[in-house]
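> model the structure of this input:
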Amino acid sequence: MLLFQDNTDNFNRKANMQKSESTKNILFAYHRLDVIGGIETRLIDEFNYLHHHNFNIYFFVDKNRFNSNLATLFPHCQMITAPFGDISSATEFINLVEHIVNYIETYRIDIVSVHMQDLFGFAVTIASQLCQVAVISTTHGILEMYQTPMQRLIRRLMIKSFGLNVFVSYLPASASSLHQTDNKVIMPNLINLEKYRAIDTVEQSSKTWLMVSRISPEKFPSILEFIKVAYYCQIQEIHIAGGGNFQPLLDRLDKKFNKIKIKFLGECSNIPEVLPKYSLIAGMGRVAIEGLACKKPVCIITPSGKLKGLVTVDNFFRVKDYNFTGNTLKTITIDEFKTQLATYTESDNKTLYQLLKDNLSTEKWHDYIEQYKLAKFIENPALNNLFHKISYFANQFTVPFEQDELFQQLFYETLLEFDAQNILGMWDFYYNSLGLDARYPNPYHMKKRKKWKF
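Predicted coordinates for the structure are as follows:
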């Protein structure tokens with residue numbers, strides 16, 4: 001892996017000036033690389049297969065949120081790090097766009113990949129428009145689609161630039177505002193089964209259960225439900241893997257559950273070695289896939305603390321299609337969960353492993369990357385027009401600029417100029433209901449929400 005800092009010598013270096021026609025240069029732009037989560041794990045495998053398909057891979061990250069130790073996990077890419085300030089300021093936003101334009105031109109980028117449709121993703125999309133290169137957008141979850149109405153409107157305008165819209169499950173895909181089907185695809189999270197192993201004998205496996213979850217307030221309901229389920233299933237010891245302060249969690253724990261031994265493992269970077277030691281894995285998303293890869297029973301508990309039960313042969317495809325979140329499963333009682341455990345066999349483990357291998361192996365990346373190669377640049381003149389207005393009036397905007405009245409007037413003006421009727425209709429709806437700058441309620445934070453006006 002090569003690490004490029006944003007200095008004059010390296011910045012002026014031309015990458016792959018003599019590249020062959022069969023080689024493509026792809027730039028991934030992401031606002032951080034200081035933790036390894038689901039998105040980062042997906043990128044590691046994605047980069048490996050892109051490299052196999054003769055792509056030159058560049059990874060642009062904010063230097064202020066960059067961990068060089070984690071960068072070693074991405075051996076097939078060239079890192080580009082540059083510090084940038086608060087991009088809710090129009091001047092800093094423009095500065096970020098200019099940086100990305102320079103990187104696209106310097107490294108002769110053919111395709112840009114963006115993984116968050118926030119202000120950072122907005123800047124990346126504008127830079128791609130200015131350079132006339134294709135954009136691939138990957139949406140990982142539904143929460144990123146529901147921030148403020150103004151951000152949602154900006155996102156609607158961004159979508160018109162994407163040559164390929166990737167969704168990791170049916171949930172964000174069905175919640176998206178896309179109507180066209182020719183550039184909307186579902187590419188679920190995949191798993192490299194070679195990294196995982198299974199301990200099949202009871203003698204080698206302990207009776208301890210493991211939950212893999214970040215320890216933060218929005219996760220407390222699921223962790224507390226896990227402890228409760230373990231207690232009523234007469235499990236003597238449970239472990240929890242994930243970073244965060246666990247004392248506030250323990251303060252909320254019912255005293256009767258103190259009989260269970262709870263061990264907090266902290267952040268674990270060696271999950272493939274950790275999971276096989278346990279008799280049951282609790283979690284959702286990638287955690288569930290990793291548990292199945294180790295041929296372990298996997299229990300799904302939602303962030304709000306709803307017990308969805310075991311992944312089974314019967315529900316595998318429904319659960320898979322919604323990224324192992326449990327969205328299509330009914331909430332069950334602890335007695336129903338006990339029945340699931342009693343009827344679950346080693347044969348179920350093996351069958352689920354085969355289903356995982358057939359449907360979610362990283363070998364599927366070969367098929368996905370063929371679709372990457374077909375991504376085309378889509379001109380979005382309204383987005384270009386809006387950026388030039390942002391640049392011209394930058395010193396007039398307050399911070400954050402997307403909440404500034406002048407910016408919002410210019411945005412509306414642009415929609416009128418380019419006859420963006422669908423976005424104009426949504427603007428009018430938001431303006432007369434929740435308001436442009438209010439936030440959608442977060443289902444993981446149980447707070448009193450604003451009334452919508454109709």
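> which stretches of the stretch 101-250 of the chain have low pLDDT?
The stretch 101-250 of the chain contains residues with pLDDT under 70 at 143-145, 177-182, 198-206.
> which parts of it are helices?
All helices of the stretch 101-250 of the chain, identified by DSSP state H, counting those that start in this stretch, fall at 119-131, 149-159, 170-175, 220-232, 247-251.
> buried deepest among the ones you listed, which one?
Comparing the helices of the stretch 101-250 of the chain by mean neighbour count (mean count of other CB atoms under 10 Å), helix 119-131 ranks first with a mean of 24. In this view, the C-beta of every residue, glycine as well, is placed from N, C-alpha and C.
> what sits up against it?
For helix 119-131, the surrounding residues in contact (CB atoms under 8 Å, 6 or more residues apart in numbering) are 29-31, 87-88, 93, 96-98, 100-101, 104-105, 109, 112, 114-115, 134-135, 137, 151, 154, 158, 161-162, 377, 379-380, 383-384, 387, 402.
> rewinding a little: and of the helices of the stretch 101-250 of the chain, who's closest to Thr345?
helix 220-232 (20.1 Å; CB to CB).
> CA atoms only for the closest one, dumped as PDB, please.
Only the C-alpha atoms of helix 220-232 are listed here, as PDB (Å, rounded to 0.1, in the frame of the first residue of the first chain):
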ATOM      1  CA  PHE A 220     -28.500  -0.300  25.200                       C
ATOM      2  CA  PRO A 221     -32.000  -1.800  24.600                       C
ATOM      3  CA  SER A 222     -30.600  -4.600  22.400                       C
ATOM      4  CA  ILE A 223     -27.800  -5.400  24.900                       C
ATOM      5  CA  LEU A 224     -30.200  -5.400  27.900                       C
ATOM      6  CA  GLU A 225     -32.600  -7.700  26.000                       C
ATOM      7  CA  PHE A 226     -29.700 -10.100  25.300                       C
ATOM      8  CA  ILE A 227     -28.800 -10.200  29.000                       C
ATOM      9  CA  LYS A 228     -32.500 -10.900  29.800                       C
ATOM     10  CA  VAL A 229     -32.800 -13.700  27.300                       C
ATOM     11  CA  ALA A 230     -29.600 -15.300  28.500                       C
ATOM     12  CA  TYR A 231     -30.800 -15.200  32.100                       C
ATOM     13  CA  TYR A 232     -34.100 -16.900  31.300                       C
END
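> if we can go back for a sec, give me the buried subset of the contacts of helix 119-131.
Taking 16 or more other CB atoms under 10 Å as the criterion, what is buried in the contacts of helix 119-131 is 29-31, 87, 93, 96-97, 100-101, 104, 109, 112, 114-115, 134-135, 137, 151, 154, 158, 161-162, 377, 380, 383, 387, 402.
> rewinding a little: columns distance to Val313 on top of the helices of the stretch 101-250 of the chain, output as JSON lines?
As requested, those are exported to JSON lines (distance: least, CB to CB, whole Å):
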{"stretch": "helix 119-131", "distance to Val313": "38"}
{"stretch": "helix 149-159", "distance to Val313": "37"}
{"stretch": "helix 170-175", "distance to Val313": "20"}
{"stretch": "helix 220-232", "distance to Val313": "21"}
{"stretch": "helix 247-251", "distance to Val313": "34"}
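> of those helices, which is nearest Phe324?
Per CB to CB, nearest to Phe324 of those: helix 170-175, 11.1 Å.
> please name every helix or strand in contact with that closest one.
If contacts are counted by 3 or more CB pairs under 8 Å, 6 or more residues apart in numbering; DSSP states H and E, helix 170-175 sits against strand 184-186.
> list the strands paired with the strand it packs on, with their directions.
strand 164-167 (parallel) (DSSP bridges).
> please, which helix or strand holds Val97?
In this structure, Val97 sits in helix 90-106 according to DSSP states H and E.
> for that helix, packing partners?
With 3+ CB pairs under 8 Å, 6+ apart as the test, helix 90-106 has strand 24-30, strand 55-62, helix 119-131, helix 381-392 packed against it.
> tell me the strands beside the second one, with direction?
Spelled out, it's strand 55-62. strand 24-30 (parallel), strand 77-82 (parallel).
> need the pLDDT of the spatially closest residue to Lys330 that is not a sequence neighbour.
Closest residue in space to Lys330, ignoring its immediate chain neighbours: Lys308 at 7.7 Å, by CB to CB, 6 or more residues apart in numbering. Looking at Lys308, its pLDDT reads 98.
> returning to that earlier point: what separates the helix holding Val97 from the chain centre, distance-wise?
23 Å (CA atoms, centre = their mean, to the nearest Å).
> related to what we said a few turns ago, could you dump the helices and strands packed on helix 90-106 to a markdown table with distance to Ala293?
What follows is those, written out as a markdown table (distance: least, CB to CB, whole Å):
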| stretch | distance to Ala293 |
| --- | --- |
| strand 24-30 | 25 |
| strand 55-62 | 25 |
| helix 119-131 | 31 |
| helix 381-392 | 41 |
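> tell me where the stretch 251-400 of the chain has strands.
Using DSSP state E, counting those that start in this stretch, the strands of the stretch 251-400 of the chain run over 261-266, 280-282, 298-301, 307-310.
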